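Asks: Could you work out the structure for the sequence below:
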Amino acid sequence: MNLTLSLKSLATFLLSASYAFFPTPSHAEENQSNTPFKATSALYSSLIEGSKTNEAMLTLFLNQMPKGGDLHHHYSGTLYAETYLDWVKEKKWLIDPTTLHIIKKDADQKDSLLSVDQVRADNTLYRKLLSLWSDKDFWNHNHPQSPPDKQFFSTFSYFSPVMDEYTERGLQLIKQRALAENVSYIETMLTEMGVYQLFLEQKKYLSYNQSLRQAQSQDEIHTILSQVKKQLLATPAFTLRIDHYISNLEKYHQSIDSEDFTMRYQSYALRVIDPMPVFKDLLAAFIAANQSELVVGVNILGPENNLTALKDYSLHMQMFNYLSGEYPKVKKSIHAGELTIGMVRPKSLKFHIREARKIAGADRIGHGIDLMYEKDSPELLQDLKENAAIEINLSSNQFILGVKGLRHPYLIYSDYGVPIVISSDDSGVSRNNLSHEYVLLATRYQPSYSQIKKYVYNSITYSFLDEKNKARLTTQLDTRFRAFEQKMAKLQTLKLAP
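Replies: The predicted model follows:
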């Protein structure tokens, strides 16, 4: 017997045995020549190659695949209209059949108002409600339609009266949906702090608004905001609201984290209101994130083409700049560049992503669609590659902006090495899930299995979790991918069998 051959066979056996007992991380398996990774990659490639993508089988594949985290995720827009309607029924509130708005029940009700059961009994009315409370049936049949961006953002006005009434149950529903599609972490934008309602004395409030909009430098902005911050921190109602927010969050969160699932939260401000309310909510959000381990980041939301949002965009970034100096450990994810040509004047496409990075210091950019029009976009790409990640939301980008396929900057970000995470955005409004976003990604751009897997790991690497939890979830991903790839390898064998 050839001794060299025997030793080589023994080494191979020992290596296989050691792998069985001490498996290496799945992202390291890509360097091995004959592994479940290789079979899984081959199966995936067979589904996207050629002119006809096997979308049904690809959907099966990506539903089964571990997806790590969903980092651009709105609590209110993730719950389905049907769930909100269930809650309206529980509250015994009513629906106005003319407007399909929620009417909270009181002593003086119009006879024309309907119960939820009555709405559901009228199939035409019920389908109309679903088409207004979400994007359901927007494209696939002829009916009166708003512009897509207006349709999308208007949905929130319908279910907003009830969306915060059952937060604990809503979070549980989101958790169960995540587990069902193999998502192990969600970083959701839960709610703004609501301190915008705590106004300063009216004359001073108007004076600060005017001063902030007329300020000529970041230093001048800092001086004004320091004065406002000092006054707010001396206001018991302000600090009490923050304490109340954190205590409620801790209560809602008690049964959320488990061995196979983790959730954390961002607070935010709405960019469509006056500067003072925006700053008050941002300040409260930064303080909450600085105090609570559950609040891992701060954001700013709302349509960027709103007139107030456009007028105050740079001012909002300067607010982030000031607060980042006051609370340097707080992470920032900023909706920026959710715009496209024709939606606004050309000048408004030149700076939103750049200012979110250079002035506000965003750690992640939500959407980033106007990259192609930004001033000095090559330098911006380099900065993003080195310092931030992009949250890609294909469904909402298509619906709100009409941007898809080769008009979408995904391939620019991918080709130039900018870290990418795939997210669901408002999956209840869009009526999809994170798996569907990966299906869109695969069918439109045919990234390799290795690339898709990298995006999954990015969703943990670029999350705002602490390093200990990142390490824990990464180890879990390794285990889940090993199991997934073994399952897909068996499926590939079945496919190849005669």
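Asks: can you pull the contacts of residue 448?
Replies: Contact analysis of residue 448 by CB atoms under 8 Å, 6 or more residues apart in numbering lists 41, 44-45. (Each C-beta comes from the backbone N, C-alpha and C, glycine too.)
Asks: of those, closest to residue 186?
Replies: Taking CB to CB as the measure, residue 186 sits nearest to residue 44 out of the contacts of residue 448, at 24.8 Å.
Asks: Can you tell me how far that closest one is from residue 488?
Replies: Distance, residue 44 to residue 488, using CB to CB, to the nearest Å: 8 Å.
Asks: Model confidence for residue 425, exactly?
Replies: pLDDT, residue 425: 95.
Asks: hmm, back to that, filter the contacts of residue 448 to the buried ones?
Replies: With neighbours counted by 16 or more other CB atoms under 10 Å, the contacts of residue 448 contain buried members at 41, 44.
Asks: Could I get the full set of strands for the stretch 201-350 of the chain?
Replies: Along the stretch 201-350 of the chain, counting by DSSP state E, counting those that start in this stretch, strands occupy 262-270, 295-301, 331-336.
Asks: Please identify the most buried of those strands.
Replies: The highest average neighbour count among the strands of the stretch 201-350 of the chain, using mean count of other CB atoms under 10 Å, belongs to strand 331-336 at a mean of 26.
Asks: Which strands and helices lie in contact with it?
Replies: strand 295-301, helix 313-326, helix 352-358, strand 364-367 (3 or more CB pairs under 8 Å, 6 or more residues apart in numbering; DSSP states H and E).
Asks: What residues sit buried inside the next helix or strand after the last one?
Replies: Going back to what we said before, that points to strand 364-367. Using DSSP states H and E, the helix or strand that directly follows strand 364-367 along the chain is helix 377-387. Using 16+ other CB under 10 Å as the test for burial, helix 377-387 gives 377, 380-381, 383-384.
Asks: circling back: give me the common contacts of residue 44 and residue 488.
Replies: residue 61.
Asks: okay but residue 45 is in contact with residue 451, surely?
Replies: No: with contacts defined as CB atoms under 8 Å, residue 45 does not count as touching residue 451, sitting 11.7 Å away.
Asks: Which residue, other than its chain neighbours, is closest to residue 381?
Replies: Nearest-residue entry for residue 381: residue 416, 5.0 Å, with adjacent residues in sequence omitted and distances by CB to CB, 6 or more residues apart in numbering.
Asks: what's the burial count for the one you found?
Replies: Residue 416: 13 surrounding residues under other CB atoms under 10 Å.
Asks: Please apply the same query to the one 3 residues further on.
Replies: A count of nearby residues for residue 419, using other CB under 10 Å, gives 18.
Asks: List the contacts of it.
Replies: Neighbouring residues of residue 419 by CB under 8 Å, 6+ apart: 385, 388-390, 458, 461-462.
Asks: okay, it: pLDDT?
Replies: 98.
Asks: How about residue 8?
Replies: Reading off the model, residue 8 has pLDDT 37.
Asks: cool, and residue 157?
Replies: 88.
Asks: tally of neighbours for it?
Replies: 12.
Asks: any idea how far residue 346 is from it?
Replies: 30 Å.
Asks: Could you check how many residues crowd around residue 292?
Replies: 19.
Asks: Give me the domain ranges for this structure.
Replies: Residue ranges for the domains of the chain, per automatic domain parsing: 82-163, 167-479.
Asks: Pick the most deeply packed of those domains.
Replies: Each of the domains of the chain was scored by mean neighbour count; the highest is domain 167-479, a mean of 19, by mean count of other CB under 10 Å.
Asks: Could you work out the end-to-end span of it for me?
Replies: Start and end residues of domain 167-479 are separated by 32 Å (CA to CA, to the nearest Å).
Asks: could I get the one helix or strand residue 41 maps to in CSV with only the CA atoms?
Replies: Assessed by DSSP H and E, residue 41 sits inside helix 36-48. The C-alpha coordinates for helix 36-48 follow below in CSV (Å, rounded to 0.1, in the frame of the first residue of the first chain):
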residue,chain,number,x,y,z
PRO,A,36,-22.7,22.1,0.9
PHE,A,37,-21.9,25.7,0.1
LYS,A,38,-20.8,24.7,-3.4
ALA,A,39,-23.9,22.7,-4.0
THR,A,40,-26.1,25.5,-2.7
SER,A,41,-24.3,28.0,-4.9
ALA,A,42,-24.8,25.8,-7.9
LEU,A,43,-28.5,25.4,-7.2
TYR,A,44,-28.9,29.2,-6.8
SER,A,45,-27.0,29.8,-10.0
SER,A,46,-29.3,27.4,-11.9
LEU,A,47,-32.3,29.4,-10.8
ILE,A,48,-31.1,32.8,-12.1
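Asks: Mind listing what's buried along it?
Replies: 36-41, 43-44, 47-48.
Asks: Just the mean pLDDT for that helix, thanks.
Replies: Helix 36-48 comes out at a mean pLDDT of 94.
Asks: What are the contacting residues of that helix?
Replies: By CB under 8 Å, 6+ apart, helix 36-48 touches 26, 29-30, 32, 53-54, 57-58, 61, 442-443, 446, 448-450, 452, 482, 484-486, 488-489, 491-493, 495.
Asks: now do 7 Å
Replies: By CB atoms under 7 Å, 6 or more residues apart in numbering, the residues outside helix 36-48 that reach it are 26, 29-30, 53-54, 57-58, 61, 442, 446, 449-450, 485-486, 488-489, 491-492.
Asks: Just the buried ones out of these, please.
Replies: For those, buried by 16+ other CB under 10 Å: 26, 29, 53, 58, 61, 442, 449, 485, 488-489, 491-492.
Asks: which one of these is nearest residue 119?
Replies: For these, the nearest to residue 119 is residue 58 (36.8 Å; CB to CB).
Asks: Find the nearest non-adjacent residue to the closest one, please.
Replies: In space, residue 58 is closest to residue 47, 4.6 Å off (CB to CB, 6+ apart).
Asks: I'd like the distance from the one you found to residue 340, if you could.
Replies: In terms of CB to CB, residue 47 sits 30 Å off from residue 340.
Asks: got it, and residue 310?
Replies: Where residue 340 is concerned, residue 310 sits at a distance of 14 Å (CB to CB).
Asks: swap in residue 363?
Replies: 24 Å.
Asks: longest helix anywhere in this protein?
Replies: The longest helix of the chain (DSSP state H) is helix 467-496.
Asks: so where does the residue most central in space within the chain fall, helix or strand?
Replies: In the chain, the centroid-proximal residue (CA atoms, centre = their mean) is residue 72; its distance is 1.2 Å. Element membership for residue 72 (DSSP H and E) is strand 69-74.
Asks: Which strands or helices does that strand pack on?
Replies: Judged by 3 or more CB pairs under 7 Å, 6 or more residues apart in numbering; DSSP states H and E, strand 69-74 is in contact with strand 185-189, helix 449-461.
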